[in-house]
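> Compute the structure for the input listed below.
(2 chains)
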Number of protein chains: 2
Amino acid sequence: MNFRSFSSAPLRSSAPSLRRLPRTIRNILNSPVPSAVDPPFANVRGWVRHIRKHKHIAFVTITDGTSIEPLQVVSTPERIKGSLFIGSSVSLTGTLARSHGAGQPVELQEKEITVLGHCDLTEYPLQKKHQLPTYTRELPHLRPRTEVILSVLRLRDKATRAFNEYFESQEFTYVHPPILTSNDCEGAGEAFRVTTDVLLSRGQNPQTADPKDIPPTDTLSFPVPEYPEHFDRPTYLTVSSQLHLEALSAALSRVYTISPTFRAERSKTHRHLSEFSMLEAEIAFCDDLEDIMSVVERSIKDVFRTLRTHAFPEVGFFRDFLSTEVAGSEHDLLRMMDDLSSPGVRWARMTHAEAVKELQQYQDRHPGSFVYPVGPRLPLQSEHEKWLAGNLIDGPVFITDYPASLKPFYMRENDRGRLHWTEGEPTVACFDLLVPRVGELVGGSLREERLDRLLQAMRVRNMRTEDMQWYLDLRRFGTFPHGGFGMGFERFISWVTGLENIRDCVPFPRSIGKIAL
Amino acid sequence: MNFRSFSSAPLRSSAPSLRRLPRTIRNILNSPVPSAVDPPFANVRGWVRHIRKHKHIAFVTITDGTSIEPLQVVSTPERIKGSLFIGSSVSLTGTLARSHGAGQPVELQEKEITVLGHCDLTEYPLQKKHQLPTYTRELPHLRPRTEVILSVLRLRDKATRAFNEYFESQEFTYVHPPILTSNDCEGAGEAFRVTTDVLLSRGQNPQTADPKDIPPTDTLSFPVPEYPEHFDRPTYLTVSSQLHLEALSAALSRVYTISPTFRAERSKTHRHLSEFSMLEAEIAFCDDLEDIMSVVERSIKDVFRTLRTHAFPEVGFFRDFLSTEVAGSEHDLLRMMDDLSSPGVRWARMTHAEAVKELQQYQDRHPGSFVYPVGPRLPLQSEHEKWLAGNLIDGPVFITDYPASLKPFYMRENDRGRLHWTEGEPTVACFDLLVPRVGELVGGSLREERLDRLLQAMRVRNMRTEDMQWYLDLRRFGTFPHGGFGMGFERFISWVTGLENIRDCVPFPRSIGKIAL
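I've put the predicted structure just below:
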């Protein structure tokens, strides 16, 4: 090792030690209140959010996005005239002093203003403090500067870190499952297909394919495909990482990820995105559905407690935002988090059969309440889910043990004769966690680890087993009881912020017919 | 809030409190050594890794993947006969005792064996302890059980957490940039195209498109496209999140992500994947390239220190693995991490012009050393990069200030007359971080924040500005000096493990002509 040997003079003398990043506004706001005797100098860089001029004094609020709260800068109308405008980026130097205003510990009394970047107010589309979401959604590159989206982005960061902490404490390994997959068994018709422009322009037809595009065989270790796909078989974007996570849990026991997931759905609702983040976990050596539900309930409660402590500005913002913006809203997000995470509380559980009975009884008393029919062999629709969580329970509820015919092939069949067996039809050890306003937040199950039962479930559904040999191998070689779940991360954000439209819970929303930048 | 109101009796009485997950092997190995007087009982679940039988005693090692080290179980040949085989999944109950073997603090003296899942040894392809990577790569669903891939996966987890800690300490916000994008300006020809099977089967030709597939206009807020794309314009998989991160840094100042990235490259080398993870960061209010390089150098040094302390089993495994598996290797990974992260060390920096001079001088003394030509206007090839980091410096080196013509449009032009101006051609404020064995690990730059210069750079490259108005808007409305970088996460793993083939640094590798499961 002689990595210090290269000693060309100009390289080493110009900057002998590593640089540190400049101070952020969060850092200034969180520092001890400066003494009045010897006020410290500080330099601050950020964007002008708001200007208030009086006769002899001017207040300018500056934000750099590291905190929701801006820093108040004290100046005079003369000094800022012609230089500071809303949206400009600036560098300000001055002294820090105890603030006279309410709610702010500290303010900057500026001595020097440098404008880094002007903002043309004749064109800037985000001058007004409050804009409708329908308006800002058309400006995805600028709307992160609005208070709402800024708070969403900061809350996503804190929620991500809080979930990471929980799963680390429970000895889960964070894994990176693939986005590209040759499995489309789950997403038949709903998976995006991946190709290249070159292949598309040839129509992917073997007759028209230019042999030049087929890679020479001597550099490749696979047989030349029938037509020039980029890979050796049709490739899709993942609709769920579950099957890959199962393979990883067969080695690491407890794995999870927060990973992009895709659905080529043709419906356009405020609950659906073409691209979204999913928190998915798989847990080896669990043989009781309650184990999986306990991890879900514990993780969310833990994240609530963390957000309540470490994300107060963001959570508080949404509490206030909801109560002012949503007419008649009485949702208090802080109280909801406290109530739902208090130690004595255990979230409700009911079977699909019990849920159906409750729905039927309600419908009998209030005919016409539901558009879709209710029955023991029918799926729950969004309206049913919202009634169960929002009206019957008024809180989160796990609906368990659905009829097998309503669920995918990999869910574990319940033993005959148990409470869970409905009307002679097999049920599976699965759950959906429903929450008020949002509906389905989490779906999970035990996975069928018995090879013969799994093969039977695939036969019943007319599935080809050829491409699934790898998945069956997990049952051939040291099979193990296990289960897991997936949580829509944007739906979680929607729940805790109260933002009804999921497009406002993600930095750059993608949905059918709509992709910008 | 009366979420406790639903009190159907069987729901609440069966499991009154939330369940905890069973004890892991890591937990047992990290617990205090049990007393000999009153040895505690324990239940352990995992897979049989190895069996060693003597006349009256048998040693079975069990792993659950939560640690590299297995747990040693003491039994007798009679008790395990016909039940325990390599690869089986088992549940073992017994007493924990101080281990008599070397290197293990504790062992389980089993009293009860339950086989959870058999492993058919006539078919199991992973029985031998050591397998060649070329063999295990053909078994991507099973190879996570091998020691090498298990260690890679555990190290990826720890490296991810260590980078997260560093960036959190520096007040960065973790963001989720989109995978789907309508930008292909950077990846012309190398970006994957996204479509659906339905659209593919129609050849995406407006003449053959079935009008039924065009969504009805009354449910959509965009004009009906010319042909039925899923989105309103051609859509690609991201080749870099940089441009989106720039938009987010214009609101949050410091942002980063570890996110999947895609290249439809047609080359198949041991350094390239079609899908890989990239750590990318953007930093507002930096006007010196050294600021960006300092973040890179500090973050990696910090991660080295964390891995050295908290990932010793994994790092130690690769140190030992390298010295036994790679003939003649003298790489000591632990010493490398210590040396490179020691406080007094600053990694080397040199300009592109200086690097070219060094390469030319070496070539003059040793003609025929390089296949590709070397020159002030020519890019550095992989062989040059490896010589610079591996031979000249023998350590990491930042190569800075490349000629503008070799780099993308968004890099900031250096001021004329500076050291950095080579032979009358403009240079840009950029760097590549090269490291031994791997070559390019990180690329970064200041971004051109001046609207006129940016437009000029796009004109020179014949770029269309129509689709880039959003990016130009960031320069119109409060533009700000900033810069950032991207690090190939798998290349980082390759560097710190010594694994030369990048396919072994990722759970499920994807490269041209090769996608499994």
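
> now what about the helix or strand where residue A:250 lies, what contacts it?
Applying DSSP states H and E as the criterion places residue A:250 in helix A:242-252. The contact list for helix A:242-252 (CB atoms under 8 Å, 6 or more residues apart in numbering or on different chains) reads A:173, A:175, A:177-178, A:181, A:183, A:186, A:238, A:255-257, A:280-284, A:410, A:447, A:470-471, A:474, A:478, A:480, A:482, A:484, A:486, B:65-66, B:140-142, B:144-145, B:149-150, B:153-154, B:507-508, B:517. C-beta coordinates here come from the backbone N, C-alpha and C atoms, glycine included.

> following it, which helix or strand shows up next?
Counting by DSSP H and E, the element after helix A:242-252 in chain order, helix or strand, is strand A:254-262.

> Tell me which strands the following helix or strand past that next one pairs with, and in which orientation.
For strand A:254-262, the following helix or strand on the C-terminal side (DSSP H and E) is strand A:275-284. Within its sheet, strand A:275-284 is paired with strand A:254-262 (antiparallel), strand A:482-488 (antiparallel), according to DSSP bridges.

> Off-centre distance for strand A:275-284?
Its chain's C-alpha centre and that of strand A:275-284 lie 10 Å apart, by CA atoms, centre = their mean, to the nearest Å.

> Contacts (any at all) between chain B and the helix or strand following it?
Counting by DSSP H and E, the next helix or strand C-terminal to strand A:275-284 is helix A:289-310. Yes. Interface with chain B: helix A:289-310 contributes A:290-291, A:294-295, A:297-298 (CB under 8 Å from any CB of the partner chain).

> in the stretch 201-350 of chain A, which segments are predicted with low confidence?
By pLDDT under 70, the low-scoring segments of the stretch 201-350 of chain A are A:201-228, A:323-331.

> In JSON lines, list the residues of helix A:289-310 next to chain B along with neighbour count.
Below are the residues of helix A:289-310 next to chain B laid out as JSON lines (neighbours: other CB atoms under 10 Å in any protein chain shown):
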{"residue": "A:290", "neighbour count": "18"}
{"residue": "A:291", "neighbour count": "20"}
{"residue": "A:294", "neighbour count": "19"}
{"residue": "A:295", "neighbour count": "27"}
{"residue": "A:297", "neighbour count": "23"}
{"residue": "A:298", "neighbour count": "18"}
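
> Kindly indicate which of those residues lies nearest chain B.
residue A:294 (4.2 Å; CB to the nearest CB).

> residues contacting residue A:120?
Contacts of residue A:120 (CB under 8 Å, 6+ apart): B:476-477.

> Now for the closest residue to residue A:484 other than its chain neighbours: which residues touch it?
Using CB to CB, 6 or more residues apart in numbering or on different chains and skipping the chain neighbours, the partner closest in space to residue A:484 is residue A:282 (3.8 Å). Applying CB under 8 Å, 6+ apart, we find residue A:282 in contact with A:242, A:245-246, A:248-249, A:254-256, A:447, A:482-484.

> Closest one of those to residue A:166?
The shortest gap between residue A:166 and any of the contacts of residue A:282 belongs to residue A:256, at 9.5 Å (CB to CB).

> who's the closest one bridged to?
The partner residues for residue A:256, given DSSP bridges, come to residue A:174, residue A:281.

> Helix or strand: which one has residue A:490?
helix A:489-497.
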